[in-house]
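Colleague: coords please:
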Amino acid sequence: MAAQDSPSSPASDTSAGSAGVSPAGPVPADPGSSSDFSPAGPAPAYLDGSGGPMSGVRVIELGVWVAGPAAGGILADWGADVVKIEPPQGDPARTFQRMLAGDMPTNPPFELDNRSKRSIVLDLTTQADKDIALELLAGADVFLTNLRSSALERLGLDYESLKALNPSLIYCAITGYGTDGPDADRPAYDIAAFWARSGVASLLTPPGANPPFQRGGMGDHSVGLAGAAAISAALFHRERTGEGQLVSTSLFRQGMYTISFDLNVLLMWGLAMGVGTREKMGNPCINNYQAGCGKRFWIVGLEGERHWPPLARAVGHPEWLEDERFNTPLGRATNAAELIGLLDEIFATKTLEEWVEVFDTEPEFFWAPVNTPEDLLADPQMRPSGALVEVPDGMTGTTMIATPIDFHGSPWSPRSLAPKLGDHTEEILKELGR
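Modeller: Numbering: from 1, shown residues only. Okay, here's the model as predicted:
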C-alpha cells in the first residue's frame, strides 16, 4: 500500500511510513538549560537496572503500524523511556481496534507494541512542532523510525541532520527493502517485503498449492527484535567509544535471514531445496501425524539412528528395527510413503492423550503437539516459560504476551498500558521547560 505524504494521514508500515512534506526548517536554537532532555553524552545515564536493562535510556520513536513500534515496545519493556511522537490523528495502528472488531473495548495489537510508552502529539508539518521534536532528539539516546527516508529527509530528520544535532545519537532505521538500491524508498508491509518477496511464502507453499497467508505482524515483530538488538549493540559501542551511529534493518533482509538455511545451500552448493510435504518426507521421523481424537502432533526425529528406535518401539513395532525396508535412513527414505501410511494407521488408534503416556516411556522420543491458540493458553508450559506478563492498568492488571527475552540480573516489568493519543504531551513539554 502506498504511503501517504502527510503526517496527518494514515501511513503504511515499515520504511513505508508517511511523514510530512513541508521543507525542513533550520535546526532550532539550543534547547537551553531548563530542559530535562539535556544532550546525550558519550554514555547514557543508566540507572541501577531496577526497571530493566534499558532503564535510563531515552528513545524517541517516530513509527507507524507495527515494525517500528514493535522495536520501541521491546525497548520500553526493557525499561527505556520511549517517547512516541504521533500526528494529530494518531498512529494508524490505533485503527486495529476498529478493523478487527469495532465493538470491542480494547486494542490488543496496539497494546502489545506500545505499552509503557509515553505519547506526544506533534504536527511535523509545522515548524513549531518540528522544533519540539528536534529539541527532544537533542537530548535523546536513540531515535527509532520506520518512516521512509524521503519523508525523513523532507522533515530534516535524516541521519546526517540529526548527527549534526546530536553526535552521540543512535539512529535506528527500519525499512522495507534496505537503505540502498532501487527500492530503498519503496513502501512495504511485512506481507510484501518479508513474506512474499523474500521467498518465505514460496518455501511454505506445497507444489500446486496457493501460497499461505502469514499471521499478523509476523515479519514486523521479527524485524522489531532485530532493531532492538541493533540498538543495544550500538549503545554498547557508544559506551566504549562515545560514538553514535546509524543502524538499520529491513523486512526484506529479515525474511531472507529467516530462510537463510535454504539460501545458503543455494549459494554454496547451487542446489534449491524442495518444499516438503508430509506424504513424501524423506525422513518419516520428522513429520506431523494425527491421533485418533483428531489432534495433530509433530515428531522431531532429526537424527535417524538415534531417534528411529524409540519411534519403532513407541508404535509397538520393534521388529521394524531389523526390517530391511526401514532399518537404515536410506531404506526409510526409499520407503517413506509406505512407512508414513503405516504410522498414520497406527496413530489413528489412540487419542493424543493416550499417545502422550506412551511417548513418555521413551526419553529419546522427541515430539510436540500442534497447538491452536486456545490449546496454547492451556499448555502447562506457557506460563512458566515467561510468555505472559501482567500489565498495570489501575485495577487488577491486564494479561498480555511478553516480549521473548528475560534478564535475570536486571528483570523488567511493564509499567503501564499503551498511552491514549497525546496522553503525555503536557508532561513532556514541561520537561522541556515549555
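Colleague: start and end of stretch 104-113, how far apart?
Modeller: This stretch, stretch 104-113, spans 18 Å end to end (C-alpha to C-alpha, to the nearest Å).
Colleague: tell me which residues of it come out buried.
Modeller: Within stretch 104-113, the residues that qualify as buried are 107, 109, 110, 111, 112, 113, counting by 16 or more other C-beta atoms under 10 Å. Just so you know, the C-beta spots here come from the backbone N, C-alpha and C atoms, and that holds for glycine as well.
Colleague: quick one: low-confidence ranges for the stretch 51-200 of the chain?
Modeller: Low-confidence regions of the stretch 51-200 of the chain, defined by pLDDT under 70, are absent; no residue qualifies.
Colleague: redo that, cut-off 80
Modeller: The stretch 51-200 of the chain contains residues with pLDDT under 80 at 101-102.
Colleague: and the helices in it, which stretches?
Modeller: Ranges of helices within the stretch 51-200 of the chain are 67-77, 96-101, 108-114, 127-138, 149-155, 159-165, 190, 200-203, based on DSSP state H, counting those that start in this stretch.
Colleague: from residue 390, how far out is the residue nearest to the spatial centre of the chain?
Modeller: The centroid of the chain falls nearest to residue 221 when counting by C-alpha atoms, centre = their mean (1.5 Å). Distance from residue 221 to residue 390, counting by C-beta to C-beta, to the nearest Å: 20 Å.
Colleague: any idea how the protein splits into domains?
Modeller: The chain breaks down by automatic domain parsing into domains covering 1-275+389-434, 278-378.
Colleague: now, of those, which is deepest in the fold?
Modeller: Across the domains of the chain, the average number of neighbours (mean count of other C-beta atoms under 10 Å) peaks for domain 1-275+389-434, which reaches a mean of 19.
Colleague: so how far is it from its chain's centroid?
Modeller: Shown here is domain 1-275+389-434, whose average C-alpha point lies 11 Å from the average C-alpha point of the whole chain (C-alpha atoms, centre = their mean, to the nearest Å).
Colleague: swap in stretch 270-285?
Modeller: In terms of C-alpha atoms, centre = their mean, the centre of stretch 270-285 is set 28 Å apart from its chain centre.
Colleague: can you list contacts of that stretch?
Modeller: Outside of stretch 270-285, the residues within contact range by C-beta atoms under 8 Å, 6 or more residues apart in numbering are 202-207, 262, 265-266, 287-288, 299-302, 304, 307-308, 311, 329, 332-333, 336-337, 339-340, 343.
Colleague: at 6 Å instead, please
Modeller: Surrounding stretch 270-285, the residues in contact under the criterion C-beta atoms under 6 Å, 6 or more residues apart in numbering are 206, 262, 265-266, 287-288, 299, 301, 307-308, 311, 332-333, 336, 339-340.
Colleague: out of the residues you listed, who's nearest residue 252?
Modeller: Each of the contacts of stretch 270-285 was scored against residue 252 by C-beta to C-beta, and residue 262 proved nearest at 15.7 Å.
Colleague: so for the one helix or strand the closest one maps to, what's the average pLDDT?
Modeller: Secondary structure here is read from DSSP states H and E; on that basis residue 262 sits in helix 260-269. For helix 260-269, the per-residue pLDDT values average out at 98.
Colleague: contacting residues around that helix?
Modeller: In contact with helix 260-269 (C-beta under 6 Å, 6+ apart) are residues 203, 271, 272, 273.
Colleague: redo the buried residues of stretch 104-113 as a markdown table? Include distance to residue 386.
Modeller: Conversion of the buried residues of stretch 104-113 to a markdown table gives the following (distance: C-beta to C-beta, whole Å):
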| residue | distance to residue 386 |
| --- | --- |
| 107 | 24 |
| 109 | 21 |
| 110 | 22 |
| 111 | 18 |
| 112 | 15 |
| 113 | 18 |
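Colleague: which single one of those is nearest to residue 90?
Modeller: Out of the buried residues of stretch 104-113, the one with the shortest distance to residue 90 is residue 110. That distance is 9.7 Å, counting by C-beta to C-beta.
Colleague: what are the boundaries of the strands in the stretch 1-150 of the chain?
Modeller: Taking DSSP state E, counting those that start in this stretch as the test, the strands found in the stretch 1-150 of the chain are 58-62, 81-86, 118-121, 142-145.
Colleague: any idea which helix or strand comes after the helix holding residue 262?
Modeller: The helix or strand immediately downstream of helix 260-269 is strand 286-290, counting by DSSP H and E.
Colleague: just checking, what packs against that next one?
Modeller: Counting contacts by 3 or more C-beta pairs under 6 Å, 6 or more residues apart in numbering; DSSP states H and E, the secondary-structure elements packed against strand 286-290 are strand 296-300.
Colleague: what's the helix or strand that the strand it packs on is followed by in contact with?
Modeller: Downstream of strand 296-300, the first helix or strand assigned by DSSP H and E is helix 304-314. Contacts with helix 304-314, where a contact means C-beta under 6 Å, 6+ apart, come from 285, 301, 318, 320, 321, 329, 358, 362, 364, 365.
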